[in-house]
Every structure is written in structure tokens, then in C-alpha cells.
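**Student:** sequence plus predicted model, see below.
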Amino acid sequence: MNHGPRRALTVVTMPAIQERPKIDELRSALPICVLDDEADHVELATTYLKQAGFPAHGTTSPAEALEKVRGGECRVVIADFKMPGMDGMTFLEKALQSDPWNVRDPGDRILFGGFGD
């Protein structure tokens with residue numbers, strides 16, 4: 001059976017592929033804390049982040065997340081905006097007050113939320 005002319009395999013090396021170890025190193029140095037009052041959302045987000053190579057910790061407790069921030073165990077926090085007890089904006093204010101990395105440039109923070117009635 002003739003399948004046509006044979007073609008040589010060409011390997012293309014791209015800079016992004018060569019930089020992969022550096023990207024992985026940067027990801028591993030960026031621990032993320034996920035805070036949401038719904039445990040299944042926490043589990044989904046932390047699982048995805050870990051699969052993407054980030055060290056991630058998830059919790060439904062704002063107090064526990066604040067301890068992670070105070071202890072320097074997370075550099076990024078992904079928090080739900082609407083939570084009972086402490087909303088996302090209050091959590092953000094407390095986290096910024098206790099941030100051991102002392103990041104005070106307003107451009108270094110991202111707050112997002114999504115909810116419907």
C-alpha cells in the first residue's frame with residue numbers, strides 16, 4: 001500500500017518552550033490562597049491551580065485565609081465577593097493591613113466578583 005512520499009519530521013524549538021523551567025519556577029514561587037464560602041468552589045479552583053503548577057491552599061474561612069496572608073504563605077488571594085460574616089471587600093482591607101510583603105501600590109491588586117440574583 002502506497003501512502004505517498006515520506007516526509008521528514010521537523011522539530012521546531014520555540015523560545016517559550018525553552019523558557020518552560022523558568023515559568024515553572026516562577027509559578028512555584030507564587031502561592032495562591034482561594035477563599036470562598038462554598039467548599040465546592042474552593043476545591044475546584046485549588047485543584048485547577050495545582051494542576052497548572054501553582055502551590056494553592058483553599059479555605060472557606062476568612063480567618064484562616066488571613067492567617068495565611070499574615071504568615072506569608074500566600075502571595076495571591078482569590079476571594080469571593082459575597083460571603084456571610086466577612087465580605088470580599090472587608091477581607092481585602094484586612095489582608096492589605098496585614099500583608100507581610102507590604103505591597104502598597106494600588107496597581108498590585110485585583111478584585112473581581114461575579115454573582116447574579
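**Tutor:** Great, that's in hand. Numbering: from 1, shown residues only.
**Student:** right, and the helix or strand after the helix or strand of the chain with the lowest mean pLDDT?
**Tutor:** Taking mean pLDDT, DSSP states H and E as the measure, the helix or strand of the chain with the lowest value is helix 15-18, at a mean of 53. Later in the chain than helix 15-18, the nearest helix or strand by DSSP states H and E is helix 20-28.
**Student:** so where's the chain shaky on pLDDT?
**Tutor:** Residue ranges of the chain with pLDDT under 70: 1-21, 99-117.
**Student:** mind listing the strands in it by residue range?
**Tutor:** 32-35, 56-59, 76-79 (DSSP state E).
**Student:** which residues are in contact with the second one?
**Tutor:** For strand 56-59, the surrounding residues in contact (CB atoms under 8 Å, 6 or more residues apart in numbering) are 31-36, 42-43, 45-46, 49-50, 65, 68, 73-74. From N, CA and C alone the C-beta is placed, and that goes for glycine too.
**Student:** how about the helix ranked longest in the chain: buried residues?
**Tutor:** The longest helix of the chain (DSSP state H) is helix 39-51. The neighbour-count check on helix 39-51 (16 or more other CB atoms under 10 Å) flags 41-42, 45-46, 49 as buried.
**Student:** now, which of the contacts of strand 56-59 sits nearest Ala95?
**Tutor:** Of all the contacts of strand 56-59, Ala95 sits closest to Ala65, with 7.5 Å by CB to CB.
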